[in-house]
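Asks: this one's structure only:
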């Protein structure tokens, strides 16, 4: 345990007011959105204003063997920034600058910038930053990089990693690496930029990112279709994604439709087995894509199909997808999870989830990014209801089991964090596990950076 | 130096006929398309038929400290697979299988498969594998992965790395890692798949790849526009790429236009400072994109603009882009290089290259992937003319100097190989250089894999 004098010495090297040690203030940095009841308490929080602050903190931590938990906006739902007793939590919340270079179609952003602000600043220049995790209005761009965040747009536009051209990253010894550049093809040497994306703060602390922007796509057309069974929606989705690249393609299960209808009162068909929402932003080609989607939905027994090119109506059409979260937030604790199974197994997954929900008397709905084969089960229970929380937790474990049985994986675009690390350790091939650990050890030999996150823990296979 | 008995022992463990030691046969594995006169001679060539062959070879090499040079189709132009005296060259040329899974829109391909064959097999299922390096008819998909190959389509569809979902890779100790999977978002742990892409055979030998396929896009419309000055074409390209995402956008310089016209006789304007070729595959939206491109070209003083939706005419319109290579191949040695400068500096680059060509009495033309800001200078000289070869070599060094002065980089989508490693070592920031070396050392502690390629050599900065 590091002593107070040493911490004071560090504080003096940082920007004014960067370090917090007041016990009351530390409380708000204990948990992230995974709300881990076992979260520790940091010995100090450093709110960096500059890359130099991050360097000082890591140099100090590395020489005193103090773990460092990097933290963006604290919206991880898997314990990506859950505090650890005796560790320093290093918050990037003060580093929020956003600059757009129209000439190179890039944005230079600090890690603490909110993703929605990045999108907004780009949009002012007629440019578009595609990645759209559900939390984009509150999460940080640095957190998106750390987890390689996805979202509905990924079907057409790819994930966060596809938009990161370069970064400033502070390594565990406090040295600064400028990785990548402004161009998609000028990053000679190993693909280090790509390696740091998704590393969940275990290899370095990203302080700045160069993001690739694209021209703002045309306003999307939107289609909704109700299906008797999930299997029908899946068949339609498969035909659609084999033919065209919609800009969104989401499938809600029956439970999600019911929750959305209760919240929105928009006469959704609550008997439907699935609701498919598709969009096309192909400009003058959008109508053709809409027609094709309609035809394929009807081919697969859609009971009702509506399409619109009106932007306002389109926003209404996609409301059910987002209403699930809003409805649940009014009711209590919301737990969004993310799992992936091959699309052909989706009906088994959603049926299984419905069964699990019934057995545990808990509420679980799901929506699926159909082209990515990624499903978000979302759970809901009253705040403060310990028994319900335990039921939800047990239900989640059963979902993970089911996913594994269906040949899928239980950690995808939300990251692995502390919460899913053991699951990852158990499921990864030992050679891959060891390779993760080999690289972690090489880059962070003292294991100070987010040591409980992502990287499979030492096992008998690697002898570390 | 490993002895013959030991090699024979290895040969017996491999698939029948895998090992070549006949001195005459070894000759054809000395050079790749960089035609390095200083290429070594391998002690043996292993033509692997299976992943097990690769494992045996690496286990042997690792325990005997024999370097291994992985080789796909041998089309590297930067010495990515130039042989090294005393090393084993490990060829993947026999591993060519290609399977397409329509349901998951993926292709499982062995590394030795020719990229064009991958494209063709995918196309039979109505699917599309986008990356299109110029050499796609002769290069291997494994080589594309090793170099993260690009091509004209990258402006809209991205580079090879964007299409690799997973891989089977043999690590230096002979263990097999199955990285990634079939889905874009189910690769928990560090982004190891992305790390191995572009690692030029320095970290492991890729034997199989899972490739993401997309629906076949509509037939493109094509536009050509001639400009008085390169600066005009650049201004038009900037306006175009700020507004839309063409499926190709190439710019030829005056020297390239002249060579193409001499070869094709299609009445190209040989006085033009630049020829811009743009394509749109936006289906029913393509006409709008073509009109916009035309308008923007005319705004920037295009002297003549032609657009077509006819596929055959379209192929004719893009002929000049490819004719440069064909014309040069008839005349002698062709050296394709690749450099990147910010698009605003492109006129200075092409003017500078014209000046260098004049001073060295050598032929150099250039074409540019305009959205990627990546320029290919292409040199040509008679076979066997030693003085001309030396002039060309000196001219290339001057081009690299010029690129550096213009804030660019002299190794991009063709890779670094042996030929550009020293240049990379000198230009990389010492922290980044050291990080490359740290990861190489961790994954390949005996430094057996392609030891002269890519990874910055030990310098005073890292003490290795």
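Replies: Nice, thanks for sending it over. Predicted model, so just to flag it, every value in this text is computed and none were measured. Numbering: from 1, shown residues only, chains lettered A, B, ... in the order given.

Asks: mind checking how far the residue in the stretch 101-250 of chain A positioned nearest to chain B is from residue B:213?
Replies: Nearest to chain B in the stretch 101-250 of chain A, going by CB to the nearest CB, is residue A:194, at a distance of 3.6 Å. C-betas here are computed from N, CA, C, even on glycine. As judged by CB to CB, to the nearest Å, residue A:194 and residue B:213 stand 21 Å apart.

Asks: contacting residues around the residue of the stretch 101-250 of chain A closest to chain B?
Replies: A:161, B:161, B:191, B:194-195, B:197 (CB atoms under 8 Å, 6 or more residues apart in numbering or on different chains).

Asks: now residue A:79: how far from chain B?
Replies: Distance from residue A:79 to chain B, counting by CB to the nearest CB, to the nearest Å: 14 Å.

Asks: counting neighbours, what do you get for the residue nearest to that residue when sequence neighbours are not counted?
Replies: Nearest residue to residue A:79, sequence neighbours excluded (CB to CB, 6 or more residues apart in numbering or on different chains): residue A:418, at 3.5 Å. By other CB atoms under 10 Å in any protein chain shown, the residues close to residue A:418 number 25.

Asks: and residue A:418, what does it touch?
Replies: A:34, A:36, A:78-80, A:82, A:452-453.

Asks: about what we covered before: which strand or helix spans the residue of the stretch 101-250 of chain A closest to chain B?
Replies: helix A:192-196 (DSSP states H and E).

Asks: just residue A:354 next, same as before
Replies: Counting by DSSP H and E, residue A:354 is part of helix A:346-359.

Asks: that helix close to chain B?
Replies: No. Figure legend: helix A:346-359 not in contact with chain B (CB under 8 Å from any CB of the partner chain); closest approach 12.2 Å.

Asks: paired strands for the helix or strand just after that helix, with orientation please.
Replies: Using DSSP H and E, the next helix or strand after helix A:346-359 towards the C-terminus is strand A:363-369. Sheet pairing of strand A:363-369 (DSSP bridges) gives strand A:248-253 (antiparallel), strand A:374-381 (antiparallel).

Asks: pick the most buried one from these.
Replies: Of the strands paired with strand A:363-369, the one with the most neighbours on average (mean count of other CB atoms under 10 Å in any protein chain shown) is strand A:248-253, at a mean of 26.

Asks: before we move on, the earlier item: could the strands paired with strand A:363-369 go into TSV alongside mean pLDDT?
Replies: TSV is the format used below for the strands paired with strand A:363-369 (pLDDT from 0 to 100):
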stretch	mean pLDDT
strand A:248-253	96
strand A:374-381	94
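
Asks: can I get those strands in a markdown table including distance to residue B:271?
Replies: Listed next are those as a markdown table, based on distance: least, CB to CB, whole Å:
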| stretch | distance to residue B:271 |
| --- | --- |
| strand A:248-253 | 48 |
| strand A:374-381 | 55 |
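
Asks: identify the residues contacting whichever residue of the stretch 301-450 of chain A sits closest to chain B.
Replies: Residue nearest to chain B within the stretch 301-450 of chain A: residue A:442 (3.5 Å; CB to the nearest CB). Taking CB under 8 Å, 6+ apart, we find residue A:442 in contact with B:438-439, B:441-442.

Asks: just the residues you listed: which are in helices?
Replies: B:438-439, B:441-442 (DSSP state H).

Asks: now the two most distant members of the residues you listed.
Replies: B:439 and B:441 (7.3 Å; CB to CB).

Asks: with neighbour numbers in mind, choose between the two.
Replies: residue B:439 (23 against 16).

Asks: ok, back up a step: how distant is the helix holding residue A:354 from the center of its chain?
Replies: Averaging C-alpha positions (CA atoms, centre = their mean, to the nearest Å) puts helix A:346-359 23 Å from its chain's average.

Asks: kindly report the residues of the stretch 301-450 of chain A close to chain B.
Replies: A:340, A:342-344, A:372-374, A:408-409, A:411-413, A:416, A:420, A:424, A:428-429, A:431-433, A:435-436, A:438-443.

Asks: for those, which ChimeraX command selects only the ones that are buried?
Replies: Selection of the buried residues among those in ChimeraX, burial being defined by 16 or more other CB atoms under 10 Å in any protein chain shown:
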select /A:340,342,343,344,372,373,374,408,409,411,412,413,416,420,424,428,431,432,433,435,436,438,439,440,441,442,443
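
Asks: which pLDDT does the model give the closest residue to residue A:351 other than its chain neighbours?
Replies: Nearest residue to residue A:351 in three dimensions, chain neighbours excluded: residue A:230, at 7.3 Å (CB to CB, 6+ apart). Predicted confidence (pLDDT) for residue A:230: 97.

Asks: contacting residues for residue A:230?
Replies: Applying CB under 8 Å, 6+ apart, the residues contacting residue A:230 are A:251, A:253-254, A:273-274, A:346-347, A:350-351.

Asks: can we see that at 10 Å?
Replies: A:251-254, A:272-274, A:346-351, A:354, A:366, A:368 (CB atoms under 10 Å, 6 or more residues apart in numbering or on different chains).

Asks: report the distance from the helix or strand of chain A at the bottom of the mean pLDDT ranking to the chain centre.
Replies: Ranked by mean pLDDT, DSSP states H and E, the weakest helix or strand in chain A is helix A:421-427, scoring a mean of 85. Averaging C-alpha positions (CA atoms, centre = their mean) puts helix A:421-427 18 Å from its chain's average.

Asks: what do you get for stretch A:394-407?
Replies: 20 Å.

Asks: which residues sit against that stretch?
Replies: Contacts of stretch A:394-407 (CB under 10 Å, 6+ apart): A:335, A:337, A:339-342, A:344-346, A:348-349, A:351-353, A:355-357, A:359-364, A:366, A:375, A:377, A:379, A:381, A:408-411, A:419-420, A:423, A:426-427, B:181-182.
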